[in-house]
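Engineer: here you go, sequence then predicted model.
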Amino acid sequence: MTKERLYIYDTTLRDGQQTQGVQFATSEKQQIAETLDMLGVDYIEGGWPGANPTDSEFFELRPQMKATFTAFGMTKRAGVSAENDDVLAAVMNAGTPAVCLVGKTHDFHVSTALGITLAENTDNIARTMAYMVAQGREALFDAEHFFDGYKSNPTYALEAIKAAYDNGARWIVLCDTNGGALPAEIYAITKAVIDAGIPGDHLGIHTHNDTENAVANSLAAIDAGARQVQGTLNGLGERCGNANLTTLIPTLLLKEPYASTYEIGVSHTALVELTRASRLLDDILNRVPMRQAPYVGASAFAHKAGLHASAILKDPSTYEHIDPAIVGNERVIPMSNQAGQSNLRKRLADAGLSVEKGDPALGRILNRIKERESLGYSYDSAQASFELLAREELGLRESFFDVERYRVISERRRNARGQLVVESEAVVTVQMGDGTKTTGYYKNENAEDMRDAGPVNALWQALKHDLGPYQAKIDGVRLVDFKVRITNGGIEAVTRVIIDSEDEHGRRWATVGVSANIVDASFEALLDAVNWKLTRDAAGAE
Ligand SMILES: CC(=O)SCCNC(=O)CCNC(=O)[C@H](O)C(C)(C)COP(=O)(O)OP(=O)(O)OC[C@H]1O[C@@H](n2cnc3c(N)ncnc32)[C@H](O)[C@@H]1OP(=O)(O)O
Ligand SMILES: CC(=O)C(=O)O
């Protein structure tokens, strides 16, 4: 059976950027676009050229991609021609092969938000689409509030989208802008649009997640005949977000009837990169990835209950709807019972530590992890700290030095020229195994990069200033990432710091520190970073 083509349209860089608290830098937009292109989405909407400097700069870079690069904007305003509308001009000047323009299709919005007549709005849509097509662009019309508009005034809602379709729009995208529609309505209204003369292979669906039905609504529109689906990575987007492509893509590729009915641009090979793509976005946003996220979440294939864990060890399909490897995810058997010990042994083996089944140290390690995670530590992403803790319980941890004390001072002041200056200085005193003491001192003076002016950098520099016999081993270590979370440890809110370090061989490792004091949490993570490097070098491991 020949499959029908279904197009994936990504709006992470536009609607995703409408998420409260999200503001991508241009370089981040580039990184996300490359990831989306690698996955194989058909359209990448880069933002709204002219609306803000970042979006304009991103379009000026003319990123190269296999996907159809698309600029977003709005239909021309009443009283000016499409040629003379300056907002539209900025969008067109971005020079993208496709342009997606939002327009009103709900009578209430035409009169209330735009304050013009229904006929004027229809005319604006028609003229704008005709202009885009005359300019040689693939024209997409985002029919804003279409489902609410259809429920209020079906005749006008259809008139508005027909004005776009009749004037050459390649795609009419039906938008559930306020996210309040439910799957049965989406299905019925999309069918009604097709019955009214706009073919399904010219219809797209754009849903929002306000009733947590964005994915279900997208599938309902596809069931009714729409052949383009819009969404975002991790479901970013205005208010509660957009349809989550991280869920929709594997569903379309793996689940029936979609898998055997439709062909999409994402291949099974690219699908293996899905979890990485999802985590990359969270990393850019400095967000904790949602554990329960379908397909890509850290808990999506975690089997905690004893019954589940024991069956999983016999055959994973007993409690898994797909093999996690298909989407680049991993099966996890949490470390809380016998099955957890198997998992723990696997993690230890990954760190080069071979422990026999039944070794009492396994139970001790599990207990310490559990106890420390209840205090706010997290070992999921801090494998190096986990390894140090395990080595301690196994009696395999070497002690290199002790920190006797540290002191750090940060100062914000105006200098003699009235300029604002932020400086930090730190002192760290350590005692070596042979009893000798060394003291490192460091002061950030006139740091050009504000990141170098902080107390953590001062502490790091002071700590590695004089580590006696170990100095040469850590000279090449750099801190490459620093993440801070306020979390609940016991009954108090505490700070968790995760530090990523890298050495001269390009080897990376992550360590964790927890304290009510952010500087102290950072110091603990720094200490683990140094100790892990010395431990691994002493063990001769790469
Ligand atoms: C449903 C969606 O998510 S659509 C995407 C929405 N995204 C954004 O709004 C983010 C980017 N937007 C912006 O940066 C700004 O709103 C701009 C640059 C586009 C416009 O800024 P301003 O000119 O200052 O206008 P402002 O944002 O205050 O209001 C929007 C104007 O566009 C008009 N407008 C809204 N939709 C349309 C439309 N489809 N066609 C024509 N005009 C429209 C509004 O009536 C309003 O005009 P008014 O000020 O005369 O009442
Ligand atoms: C266009 C768009 O983002 C919406 O209607 O939700």
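Structural biologist: Received, thanks. Ligands and ions are numbered 1, 2, ... in the order given.

Engineer: residues touching whichever residue of the stretch 301-450 of the chain sits closest to ligand 2, list them.
Structural biologist: As assessed by CB to the nearest ligand atom, ligand 2 sits closest to Val327 within the stretch 301-450 of the chain, at 26.7 Å. Glycine gets a C-beta too; all of them are placed from N, C-alpha and C. Taking CB atoms under 8 Å, 6 or more residues apart in numbering, we find Val327 in contact with Pro250, Leu271, Val272, Leu274, Thr275, Tyr295, Val296.

Engineer: moving C-terminal of the helix or strand containing the first one, what's the next helix or strand?
Structural biologist: Right, the one you point to is Pro250. Assessed by DSSP states H and E, Pro250 sits inside helix 245-254. The helix or strand immediately downstream of helix 245-254 is helix 258-261, counting by DSSP H and E.

Engineer: how about that following helix as PDB, C-alpha atoms only?
Structural biologist: Only the C-alpha atoms of helix 258-261 are listed here, as PDB (Å, rounded to 0.1, in the frame of the first residue of the first chain):
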ATOM      1  CA  TYR A 258      -0.500   6.000  11.400                       C
ATOM      2  CA  ALA A 259       2.600   3.900  10.900                       C
ATOM      3  CA  SER A 260       1.200   2.000   8.000                       C
ATOM      4  CA  THR A 261      -0.900   4.800   6.500                       C
END
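
Engineer: give me the number of residues near the residue lying closest to Pro316 once chain neighbours are set aside?
Structural biologist: Nearest non-adjacent residue to Pro316, counting by CB to CB, 6 or more residues apart in numbering: Arg331, 6.3 Å away. Neighbour count of Arg331, defined by other CB atoms under 10 Å: 16.

Engineer: now do the strands in the stretch 51-200 of the chain.
Structural biologist: 68-74, 98-104, 138-144, 171-176 (DSSP state E, counting those that start in this stretch).

Engineer: tabulate the ones you listed (TSV), appending mean neighbour count, mean pLDDT and distance to ligand 2.
Structural biologist: Below are the strands of the stretch 51-200 of the chain laid out as TSV (neighbours: other CB atoms under 10 Å; pLDDT from 0 to 100; distance: least, CB to the nearest ligand atom, whole Å):
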stretch	mean neighbour count	mean pLDDT	distance to ligand 2
strand 68-74	23	98	8
strand 98-104	25	98	4
strand 138-144	26	98	4
strand 171-176	26	98	3
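
Engineer: let's have those strands in a markdown table, adding distance to Glu387.
Structural biologist: A markdown table is the format used below for the strands of the stretch 51-200 of the chain (distance: least, CB to CB, whole Å):
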| stretch | distance to Glu387 |
| --- | --- |
| strand 68-74 | 44 |
| strand 98-104 | 49 |
| strand 138-144 | 50 |
| strand 171-176 | 48 |
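
Engineer: what's the closest of those strands to Pro455?
Structural biologist: strand 68-74 (42.1 Å; CB to CB).

Engineer: mind checking if the closest one is in reach of ligand 1?
Structural biologist: Yes: using CB under 6 Å from any ligand atom, a contact is recorded between strand 68-74 and ligand 1, made by Met74.

Engineer: coming back round to it: how near is the residue nearest to Pro316 to Leu467?
Structural biologist: 40 Å (CB to CB, to the nearest Å).

Engineer: likewise Ala300?
Structural biologist: 42 Å.

Engineer: Tyr441 now?
Structural biologist: 14 Å.

Engineer: and the chain, which of its residues are near ligand 2?
Structural biologist: Asp15, Val102, Asp142, Glu144, Cys175, Thr177, His206, His208.

Engineer: can you redo those residues as JSON lines with distance to Leu534?
Structural biologist: Converted to JSON lines, the residues of the chain next to ligand 2 look like this (distance: CB to CB, whole Å):
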{"residue": "Asp15", "distance to Leu534": "48"}
{"residue": "Val102", "distance to Leu534": "57"}
{"residue": "Asp142", "distance to Leu534": "57"}
{"residue": "Glu144", "distance to Leu534": "59"}
{"residue": "Cys175", "distance to Leu534": "57"}
{"residue": "Thr177", "distance to Leu534": "57"}
{"residue": "His206", "distance to Leu534": "54"}
{"residue": "His208", "distance to Leu534": "51"}
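
Engineer: secondary structure element for the residue nearest to Arg364 when sequence neighbours are not counted?
Structural biologist: Excluding the flanking residues, the one nearest Arg364 by CB to CB, 6+ apart is Glu393, at 4.8 Å. Per DSSP H and E, Glu393 falls inside helix 383-394.

Engineer: flag every buried residue along that helix.
Structural biologist: By 16 or more other CB atoms under 10 Å, the buried positions in helix 383-394 come out as Gln383, Ala384, Ser385, Phe386, Glu387, Leu388, Leu389, Ala390, Arg391, Glu393, Leu394.

Engineer: same check, this time on stretch 430-445
Structural biologist: Within stretch 430-445, the residues that count as buried by 16+ other CB under 10 Å are Val430, Thr438, Gly440, Tyr442, Asn444.

Engineer: state the mean pLDDT of that stretch.
Structural biologist: The average of the pLDDT scores along stretch 430-445 is 90.

Engineer: CA atoms only for that stretch - export them in PDB, please.
Structural biologist: Presented in PDB, the C-alpha positions along stretch 430-445 are these (Å, rounded to 0.1, in the frame of the first residue of the first chain):
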ATOM      1  CA  VAL A 430      44.200  22.100  52.200                       C
ATOM      2  CA  GLN A 431      46.100  19.500  54.100                       C
ATOM      3  CA  MET A 432      47.900  16.800  52.100                       C
ATOM      4  CA  GLY A 433      48.100  13.100  53.100                       C
ATOM      5  CA  ASP A 434      51.600  13.600  54.600                       C
ATOM      6  CA  GLY A 435      50.400  16.500  56.800                       C
ATOM      7  CA  THR A 436      51.800  19.400  54.800                       C
ATOM      8  CA  LYS A 437      49.500  22.300  54.300                       C
ATOM      9  CA  THR A 438      49.100  24.600  51.300                       C
ATOM     10  CA  THR A 439      47.000  27.700  50.900                       C
ATOM     11  CA  GLY A 440      45.700  29.000  47.600                       C
ATOM     12  CA  TYR A 441      44.600  32.600  47.100                       C
ATOM     13  CA  TYR A 442      42.800  34.100  44.100                       C
ATOM     14  CA  LYS A 443      41.200  37.400  43.300                       C
ATOM     15  CA  ASN A 444      39.200  38.200  40.200                       C
ATOM     16  CA  GLU A 445      40.100  41.700  39.300                       C
END
